[in-house]
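[1] A predicted structure for the sequence below; I have some questions about it.
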Amino acid sequence: MAGHSKWANIKHRKAAQDAKRGKLFTKFIRELTVAAREGGSDVDANPRLRAAVDKALSNNMTRDTVERAIKRGAGEMDGQQLETIIYEGYGPGGTAVMVETMTDNRNRTVSGVRNAFNKSGGNLGTDGSVAYLFTKSGIISYDTDIDEDSLIDSALDAGAEDVITHDDGSIDVFTTPETFGKVKDALDSASFGSVHAEVTMVASLKAELDADTAEKFLRLIDILEDHDDVQEVYHNAEISDDVMQALDNA
């Protein structure tokens, strides 16, 4: 699901596009602020905040900026009041899509999300229409140069739920959202350097897409992620490396 898996080829594409648009830090600040507001400013007691801090710092956000966002969320500084709303829908090829937004204007946000689905041959669904296909999990990903047996032993000892080795040799460690920070700390302390780590929504059923459908699906993702209110887009699409390479070279 991560590292060099098929999940990552879309996820890493997303990260590159976000950085190009200059929107990545804005999204991090929103997530830090809302996570602190909803769960408190103690990183050790707030798994969502811990994951947000890790993601922001790993993408070179300064600690001072992170701390200001947390203080704003905890009410120690003035700031815009945002609420988290999750929309569900169906994309090209029958893909299941969940869109996590943070907004101060519900009407503006739902209009933008609905238009994205409509423009891409999908449709916005109702609450619960696809959520049952997803489970919130922590994923810590490792490259191919890791000692597999040692990593598996250390991960399970630290409380990981599962460890999956992919065909290319990359490894994903799965945790609950609550144990994500503890497991990552333990593996960091054991000198296992991850290439990617986050709390995300993992789909139980995948939808493999051909090139034509994948192109339409990625257009949907692009439009959604270009919306200022959209924080994350989760989906069950599976696109092979060959198809992704063909689309990138097109």
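    Thanks, I have it. Residues are numbered from 1 along each chain as shown.

[2] how far does the helix or strand harbouring I29 sit from the chain's center?
    Using DSSP states H and E, I29 falls within helix 24-39. Relative to its parent chain, helix 24-39 has a centroid offset of 13 Å by Cα atoms, centre = their mean, to the nearest Å.

[3] State the next helix or strand along the chain beyond that helix.
    helix 47-58.

[4] Remind me what that following helix packs against, helices and strands.
    helix 24-39, helix 63-73, helix 180-189, strand 196-203 (3 or more Cβ pairs under 8 Å, 6 or more residues apart in numbering; DSSP states H and E). (Glycine included, C-beta is placed from N, CA and C.)

[5] can you state the direction angle for the first one and helix 63-73?
    For the pair helix 24-39 and helix 63-73, the angle between their directions (axes from the mean of the first three to the mean of the last three Cα atoms, to 10 degrees) equals 40 degrees.

[6] on contacts alone, who are the packing partners of helix 24-39?
    Helix 24-39 packs on helix 6-21, helix 47-58, helix 63-73, strand 83-91, strand 95-103, strand 230-235, going by 3+ Cβ pairs under 8 Å, 6+ apart.

[7] ditto for the third one
    Where contact means 3+ Cβ pairs under 8 Å, 6+ apart, helix 180-189 is packed against helix 47-58, strand 134-142, helix 148-158, strand 171-175, strand 196-203.

[8] Which positions within whichever helix or strand N115 is part of qualify as buried?
    Applying DSSP H and E as the criterion places N115 in helix 106-119. Under the neighbour-count criterion of 16 or more other Cβ atoms under 10 Å, helix 106-119 has T109, V110, G112, V113, A116, F117 buried.

[9] just stretch 37-55 next, same as before
    For stretch 37-55, by 16+ other Cβ under 10 Å, it's 37, 39, 41, 43, 46-55.

[10] Kindly report the same for stretch 131-141.
    Quick answer for stretch 131-141 (16+ other Cβ under 10 Å): L133, F134, S137, G138, I139, I140, S141.

[11] can you list the residues that contact that stretch?
    Here stretch 131-141 makes contact (Cβ atoms under 8 Å, 6 or more residues apart in numbering) with 1-3, 5, 8, 51, 86, 88, 96, 98, 155, 161, 170-177, 179-180, 183-184, 187, 194-205, 234, 236.

[12] Give me the most central residue, this structure.
    By Cα atoms, centre = their mean, the mean C-alpha position of the chain lies nearest to T200, the distance being 4.7 Å.

[13] Right, I'll leave it there.
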